[in-house]
Structure formats: structure tokens, C-alpha cells
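Engineer: Structure here, sequence nowhere to be found:
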């Protein structure tokens, strides 16, 4: 079944008892897992703090980050999107889709799906930018069958926040039309100290409210800024294999960041903007990390052809196509 282009989401789902309409947005009634309920609350809180991600400095860095990872040689995204149906799986406030695709979204049918009430923020931001978009609040692993299939599925930094990254990739792959593209980013596994420390910090703030967790992370963010402001370089003379630390010169802040614990720093961002990134990392209970080999196997066994796989220390970006 292809997406019924002549009907709104409200019309498509009006007879589905699992959905109710609020603020013109269909919303799933089902009870999520405990972890996904926490995910819903976390990202509703995070994306509501618009002043922590709307500055020109944050937009510029984020846009470059997206362009570098998703850009394909000899690919014109205006032609790729025109007349197509796009699912933004885990749209949040629509931040990444608006930055990466921009006004090209007016040439396609864009559906933003998110488990949280961030869809309300997304609807507002799309309206402010005069970009067309439709939104649905739903679990990404349980989308309504009435939506059918999509030509492009875009999921920037979301699937690792579901109950299973593997299941999310495999499930969404089944929602692609032949010739459709699946574009996503998931976290890469880090070295042993950072893996341990990150989960330890995550557990320390687990029982706090979102506001309390935000405040609890501020000293860590200030520490990362202090390290960054030092702008000091160390030289590791030989690899420390037992800790997966390579040899070479590295900025002290980046050494802490990659090998000890995440404390984000950019000299042109303010403290709240950096804390937003740290909160995004530490607050969700579901924060799976995976290896490139795992991701490749999940994609290929889902009968997708990988066009690009960008592997960085932070994460793994994949652009794949269903042939």
C-alpha cells in the first residue's frame, strides 16, 4: 500500500481506535514500555528548551555535521525528495530535517513521527519557517499500518533510544518502498572507561526529574568548558591497548571527551547549548551503543544496499537503499 496522499493524517487514522486527535495531531493511546515512557518525557522536555538550540552558532555546526555525514556524491536531494513521501522517524522538534532538507520539504510529503510531545514544537517550528509538515505522536516500532510505505526514512540520532536499535532498523526497513532510501545515525561504542563512566553518570541522574537532571549536569558541562578553554595538548607516546587509547597528540578536553566521559565543548556555544548536548546523551535510559559491524549486518540482512557508511568515534551514519 502506498501512502494515501489525498488524505490528512487525521482523516487516515480517524477510525483507528489506537489513536486520538489533539491539537490536530494524531496521538497513540498505547502504554509504552517503562524505558520508552522515560524517553517520551525526556525528549518532550529537551526539545521544549528552544533557547538551547536555536542560535546561529548551533545551527551552523549542526548543519555542517549533517551535510558532511549524509551528503552523497552526484546526488541532488531536490530530485530525491520531489513528489516523494518522507518519514522523519523520531523527528523531535523537526530540528535535523529542517536544517538538512530545508525548503525542499515543501516539494514532498513530510511526516514527522515522535514518541513525545516534541511533535507540538515541531509543528510550531515548521509553521514559523513556512515549511509544510504533518506530525504524529507514536512509537517508532509500532506505526499505524494505514500509513503504508515511504520513499525516504530519515532518523537522525534516534534509533538507539528505542528499546532495541536492531529491531528499530529492521522494522523501519520494512516500511520502505522499492528504490526508497533509509538515512540514519546511531551511536558507536566507545572505549571501556567512557562506556563505564557514561552509564554510571546516567544511573546517578536516573531518579531525578528532568529539570533536576539538567541542573545536575551543569557542573560537568562547566568542567568540559574549563578543559576546552585551557586549549592544552598532551602527547600520548604509545598506545594504551588495555584501555583502547591510541598514541598521538590530542587536546586535553578531547582526551577526556573521547576516553573518560562526555563533556561537550565548543568555544562558540554558551553553557546551556553545551549542556543540552550532555543532557541528550546522559538523560535517556535507553542509550544503546553498537559497533559498525553490527549495524552493517542489520542493514544488509534487511535487504538494503548500503550507499554510504560514515563511521566516526561518535557514531555511525548510514545511507541505504531498497533496490
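Structural biologist: Now that the structure is in, tell me what you want to look at. What you see is a predicted model, and the numbers here were worked out from it, not measured in a lab.

Engineer: Nearest the middle, which residue of this structure would you pick?
Structural biologist: Nearest residue to the geometric centre of the chain (Cα atoms, centre = their mean): residue 157, 2.1 Å.

Engineer: In contact with the nearest residue to residue 314 once chain neighbours are set aside, which residues?
Structural biologist: In space, and not counting its chain neighbours, residue 314 is closest to residue 188: 6.3 Å by Cβ to Cβ, 6 or more residues apart in numbering. All C-beta spots, glycine's among them, are computed from the backbone N, C-alpha and C. Listed by Cβ atoms under 8 Å, 6 or more residues apart in numbering, the contact set of residue 188 reads 289, 290, 291, 292, 311, 312, 313, 314, 315, 316.

Engineer: try it again with 7 Å
Structural biologist: Contact partners of residue 188, counting by Cβ atoms under 7 Å, 6 or more residues apart in numbering, are 289, 311, 312, 313, 314, 315, 316.

Engineer: Only the buried residues of stretch 49-68, if you could.
Structural biologist: Applying a neighbour-count criterion of 16 or more other Cβ atoms under 10 Å, one finds 49, 52, 53, 58, 62, 65, 66 buried in stretch 49-68.

Engineer: Wait, a strand at the last one?
Structural biologist: So the one you mean is residue 66. No - membership of residue 66 in a strand is not supported by DSSP: H, G, I helix; E, B strand; the rest coil, which gives helix.

Engineer: Report how many residues lie close to the closest residue to residue 222 other than its chain neighbours.
Structural biologist: Excluding the flanking residues, the one nearest residue 222 by Cβ to Cβ, 6+ apart is residue 271, at 6.8 Å. The number of residues packed near residue 271 is 13, by other Cβ atoms under 10 Å.

Engineer: again, but for the one 10 residues further on
Structural biologist: As a burial measure, the neighbour count of residue 281 was computed by other Cβ under 10 Å and equals 19.

Engineer: Out of the contacts of residue 188, which end up buried?
Structural biologist: 289, 314, 315, 316.

Engineer: Report pLDDT for the second one.
Structural biologist: Going back to what we said before, that points to residue 314. Listed pLDDT for residue 314 reads 97.

Engineer: re the thing from before, can you report phi and psi for the residue nearest to residue 222?
Structural biologist: Residue 271 adopts backbone torsions of phi -60, psi -40, taken as degrees, to the nearest 10.

Engineer: tell me the pLDDT at it?
Structural biologist: 98.

Engineer: Next, work out how far apart it and residue 201 are.
Structural biologist: From residue 271 over to residue 201 the distance is 18 Å, taken as Cβ to Cβ, to the nearest Å.

Engineer: for the longest strand seen in the chain, packing partners?
Structural biologist: Longest strand of the chain, by residue count under DSSP state E: strand 176-187. In terms of contacts (3 or more Cβ pairs under 7 Å, 6 or more residues apart in numbering; DSSP states H and E), strand 176-187 is packed against strand 150-156, helix 165-173, strand 315-321.

Engineer: 10 Å instead?
Structural biologist: Counting by 3 or more Cβ pairs under 10 Å, 6 or more residues apart in numbering; DSSP states H and E, the packing neighbours recorded for strand 176-187 are helix 56-70, strand 85-89, strand 150-156, helix 165-173, helix 292-300, strand 305-311, strand 315-321.

Engineer: What pairs with it, parallel or antiparallel?
Structural biologist: Strand pairing for strand 176-187, determined by DSSP bridges: strand 150-156 (parallel), strand 315-321 (antiparallel).

Engineer: Residue 300: what's it in contact with?
Structural biologist: Taking Cβ atoms under 10 Å, 6 or more residues apart in numbering, we find residue 300 in contact with 306, 320.

Engineer: Same question for the longest strand of the chain: list its buried residues.
Structural biologist: 176, 177, 180, 181, 182, 183, 184, 185, 186, 187.
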